[in-house]
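Colleague: Take a look and give me a structure for this.
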Amino acid sequence: QVHVVQSGGGLVQPGGSLRVSCAASGFTFSSFAMSWYRQAPGKERELVAGISPDGAITTGADSVKGRFFISRDNAKNTVYLEMNSLKPEDTAVYYCMTRRWGIELWGQGTRVTVSP
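Modeller: Residues are numbered from 1 along each chain as shown. Have a look, this model is predicted:
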């Protein structure tokens, strides 16, 4: 069965760091690009970062460039989002996602709260 399961996140003070992880199973992870999205309270879900299947190409939203870093370990079938210099406006539920043959597969969501 195809799964992506997230872990990490939590509560952190402004300026702190967190890492969220997304472990995949049931498909050839190394063949597919992965993305991280987030949805803040009262806002639409937005793309945060993406990474190519081999990890050579990454993209990031302007709002997180230089602070958030996406990476993947294809040997572990896992994609990561390292979040640094966190701000209160980064508070959101974070989701990993992959698209396989036009079908989206989403993680369950991980809450990140940035607050003093």
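Colleague: Just read off the phi/psi values of residue 19.
Modeller: phi -130, psi 130 (degrees, to the nearest 10).
Colleague: How much space separates residue 28 from residue 55?
Modeller: From residue 28 across to residue 55, the span is 15 Å (Cβ to Cβ, to the nearest Å). Any C-beta I mention is one placed from the backbone N, CA and C, and that applies to glycine too.
Colleague: Show me what the least confident helix or strand in the chain by mean pLDDT packs onto, helices and strands only.
Modeller: Lowest mean confidence among the helices and strands of the chain (mean pLDDT, DSSP states H and E): strand 58-60, at a mean of 93. Packing partners of strand 58-60 (3 or more Cβ pairs under 8 Å, 6 or more residues apart in numbering; DSSP states H and E): strand 46-51, strand 68-73.
Colleague: Please identify the buried residues of the last one?
Modeller: So the one you mean is strand 68-73. Buried residues in strand 68-73, counted by 16 or more other Cβ atoms under 10 Å: 68-70, 72.
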